[in-house]
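>>> what's the 3D shape of this:
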Amino acid sequence: MSQYNQVTPEIIVQLEAVTPGRVVVGEDINPDYARDEMPIYGVNMPEVSIDALTTEEVAGIMKICYDNNIPVTTRGAGTGLVGGCTPICGGVVICTMKMNRILSYDLENFAVTVQPGVLLQQLADDALTHGCMYPPDPGEKMATLGGNVATNAGGMRAVKYGVTRDYVRAMTVVLPTGEITHFGGTVSKTSSGYSLINLICGSEGTLAIITELTLKLIPAPNATVSLIVPFEDLKACISTVPKVFMANLNPQALEFFEKEILISSEEYLGKQVFPRMVSGVEAGAYLLITFDGNSMEELDPLVERAAELLVEAGALDVLVADTPPKLKDTWAARSSFLEGIEEQTTLLDECDVVVPVNKIAEYVVFVAQESGRHDFEVKYFGHAGDGNLHIYTCSNDMDREEFKKQVDRFFTSIYAKTVELGGQISGEHGIGMGKVKFLAQAVGPVNMALMQGIKRVFDPKLILNPGKVCDTF
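Modelled structure (predicted):
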């Protein structure tokens with residue numbers, strides 16, 4: 001970290017010339033700019049924060065910082081969970097939240113152009129008014145689209161529609177040198193050289209700063225229905241997932257969770273949505289399955305086939321949510337899992353591994369066994385349709401350093417199991433600063449060196465979001 005310079009009064013004057021009235025220093029900096037939603041990975045204040053408004057402003061800031069060897073961290077809403085926007089080297093934080101306009105729709109090509117500070121929920125709602133859907137559906141709806149692209153966010157509809165990367169057609173970025181360039185275009189396919197746009201997707205702000213995005217849309221489905229499916233135990237619940245795919249049911253979303261995390265969420269919301277007892281049997285785990293299509297007439301026979309399969313596989317019941325209020329309440333409970341955990345937990349850490357779908361049951365059994373070796377509580381849920389599991393370590397009474405030490409041992413063990421089963425250590429949250437060590441262990445020295453080489457091509461002075469993903473100083 002000693003390779004970087006501090007921000008001097010002279011540099012502040014230069015920054016003020018680029019963004020007059022928006023250069024904030026010292027105690028006036030928003031304390032949220034020191035961290036993301038997972039402060040266990042560290043809290044560190046920048047020397048300067050700037051709310052940028054245009055591509056040209058971002059370019060001007062970067063040129064000054066590049067010339068003076070000042071580290072820069074970009075942030076949106078700060079909803080990340082791996083310390084990805086924590087300015088661990090101080091320097092300058094550029095916030096893109098005020099770059100929040102939906103610029104234009106190209107409905108003939110099913111595309112929309114936005115600034116990076118547009119919220120996911122904002123675009124989702126606005127696209128529907130044009131008869132379109134933006135399919136990526138990460139759980140945090142108040143995240144920005146720039147952050148979603150930077151982490152290649154996945155979400156609940158990934159099983160049918162894919163992840164954020166699959167919907168990025170073009171982007172404008174600012175390089176660490178301050179140069180402005182464009183990747184991609186409003187086309188459905190390309191074989192035109194290396195895919196630079198895909199390097200930026202998922203790069204977590206370490207290669208370039210996204211200042212404009214063109215995103216793919218699809219026609220909005222006319223009908224949606226969700227099935228609430230309680231099981232007596234988690235193993236029977238998860239073992240049903242491959243059968244859903246083998247039956248060619250093509251769900252839009254397929255989630256699993258245990259009763260404990262559901263209870264946390266429902267207590268947070270103050271409303272019980274899911275049944276706890278079915279015909280005298282206590283539900284221990286649940287599937288939440290959503291189908292979409294052109295009409296309810298199209299979906300009814302699909303739902304009937306799914307219900308028959310699920311009951312044969314051991315489901316205690318199949319409850320249908322097919323009205324807007326029922327769908328809203330059902331998915332509100334699912335979407336509030338993290339908030340429920342956060343409200344009830346003092347010390348918290350998490351990982352979001354992804355394993356082959358047919359290995360979920362084996363992996364969950366292993367996690368349960370490993371969790372019993374430690375003093376914290378483990379809660380988990382996941383996107384059963386694509387094998388992405390969210391595993392939370394929680395404690396209200398452990399010493400902080402002891403908690404971190406035990407979590408490190410736990411993660412080391414379950415990440416090794418992830419790799420053994422053919423999985424990856426992050427499905428959608430990214431690496432940030434919190435998982436760099438585990439990424440290196442998982443991918444090995446050759447792949448780590450390749451990533452570090454790419455980092456140096458884009459960012460020869462290593463000033464952009466240092467200490468993240470593959471940058472180990």
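>>> where along the stretch 1-150 of the chain do the strands fall?
Per DSSP state E, counting those that start in this stretch, the stretch 1-150 of the chain carries strands over the ranges 23-25, 48-51, 72-75, 92-95, 102-106, 111-114, 132-133.
>>> now the helix or strand where Arg456 lies, how far from the chain's geometric center?
In the assignment (DSSP states H and E), Arg456 maps to helix 436-458. In terms of Cα atoms, centre = their mean, to the nearest Å, the centre of helix 436-458 is set 21 Å apart from its chain centre.
>>> Please point out which parts of it sit buried.
Val436, Phe438, Leu439, Ala440, Ala442, Val443, Met448, Met451, Lys455, Phe458 (16 or more other Cβ atoms under 10 Å). No exception for glycine: its C-beta is placed from N, CA and C like everyone else's.
>>> ok, these vs Asp329, which is closest?
Taking Cβ to Cβ as the measure, Asp329 sits nearest to Phe438 out of the buried residues of helix 436-458, at 36.7 Å.
>>> Before we go further, Leu288 is sitting in a strand, right?
Yes: according to DSSP: H, G, I helix; E, B strand; the rest coil, Leu288 belongs to a strand.
>>> circling back to that earlier point, any chance of the buried residues of helix 436-458 in a markdown table with distance to Ser395 as columns?
Formatted as a markdown table, those follow (distance: Cβ to Cβ, whole Å):
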| residue | distance to Ser395 |
| --- | --- |
| Val436 | 23 |
| Phe438 | 20 |
| Leu439 | 25 |
| Ala440 | 27 |
| Ala442 | 26 |
| Val443 | 30 |
| Met448 | 31 |
| Met451 | 33 |
| Lys455 | 35 |
| Phe458 | 39 |
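>>> okay, and the helix or strand of this protein with the least pLDDT?
Ranking every helix and strand in the chain by mean pLDDT, DSSP states H and E puts helix 324-335 at the bottom, with a mean of 85.
>>> who's in contact with the helix or strand just after it?
Later in the chain than helix 324-335, the nearest helix or strand by DSSP H and E is helix 337-344. Identification of contacts with helix 337-344 by Cβ atoms under 8 Å, 6 or more residues apart in numbering yields 37, 139-140, 257, 261-262, 264-269, 348, 379, 381, 390, 392, 394, 396.
>>> Show me which of those are buried.
37, 139-140, 257, 261-262, 264-266, 268-269, 348, 379, 381, 390, 392, 394.
>>> The residues you listed in helices, which ones?
Ile261, Leu262, Ser264, Ser265, Glu266, Tyr268, Leu269 (DSSP state H).
>>> Helix, strand, or coil at Tyr415?
Following three-state DSSP, we place Tyr415 in the helix state.
>>> got any ranges where the protein has weak pLDDT?
1-2, 473 (pLDDT under 70).
>>> Can you show me the strands along the stretch 301-450 of the chain?
Going by DSSP E, counting those that start in this stretch, the stretch 301-450 of the chain shows strands at 319-321, 347-351, 377-383, 388-395.
>>> got those strands as CSV, with distance to Asp292 columns?
Below are the strands of the stretch 301-450 of the chain laid out as CSV (distance: least, Cβ to Cβ, whole Å):
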stretch, distance to Asp292
strand 319-321, 13
strand 347-351, 29
strand 377-383, 16
strand 388-395, 20
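>>> Which of these sits closest to Ala77?
Of those, nearest to Ala77 by Cβ to Cβ is strand 347-351, at 17.7 Å.
>>> what's the closest one packed up against?
Contacts defined by 3 or more Cβ pairs under 8 Å, 6 or more residues apart in numbering; DSSP states H and E place strand 347-351 against strand 388-395, helix 400-420.
>>> State the pair within the ones in helices among the buried ones among the contacts of helix 337-344 that is farthest apart.
Using Cβ to Cβ, those span at most 12.9 Å, a distance reached by Ile261 and Leu269.
>>> List the contacts of the closest residue to Asn30 other than its chain neighbours.
Nearest residue to Asn30, sequence neighbours excluded (Cβ to Cβ, 6 or more residues apart in numbering): Ser49, at 6.6 Å. Taking Cβ under 8 Å, 6+ apart, we find Ser49 in contact with Val24, Ile29, Asn30, Tyr33, Val92, Val93, Ile94, Cys95.
>>> okay, now the nearest residue to Leu81 once chain neighbours are set aside: neighbour count?
Spatial nearest neighbour of Leu81, excluding adjacent residues (Cβ to Cβ, 6+ apart): Met38 at 4.5 Å. Met38: 22 surrounding residues under other Cβ atoms under 10 Å.
>>> for Asp233, what are its contacts?
Contacts for Asp233 (Cβ under 8 Å, 6+ apart) come out as Gly284, Ala285.
>>> Give me the phi and psi angles of it.
Phi and psi for Asp233, reported as degrees, to the nearest 10, are phi -140, psi 160.
>>> With the one 4 residues further on instead?
Backbone dihedrals for Cys237, given as degrees, to the nearest 10, come out at phi -60, psi -50.
>>> quick one: it and Tyr105, what's the gap?
From Cys237 across to Tyr105, the span is 41 Å (Cβ to Cβ, to the nearest Å).
>>> what about the helices in the stretch 101-250 of the chain?
With DSSP state H, counting those that start in this stretch as the criterion, the stretch 101-250 of the chain has helices at 120-128, 145-151, 158-161, 196-200, 234-239, 241-246.
>>> Deepest-packed of the ones you listed, please.
Looking across those with neighbours counted as mean count of other Cβ atoms under 10 Å, the highest average goes to helix 145-151: a mean of 29.
>>> rewinding a little: my guess is the residue nearest to Leu81 contacts Leu347. True?
No: the criterion here is Cβ atoms under 8 Å, and Met38 misses it with Leu347 at 11.2 Å.
>>> residues touching the residue nearest to Leu81, list them.
When contacts are counted by Cβ under 8 Å, 6+ apart, Met38 touches Gly80, Leu81, Val82, Gly83, Leu348, Asp349, Glu350, Gly434.
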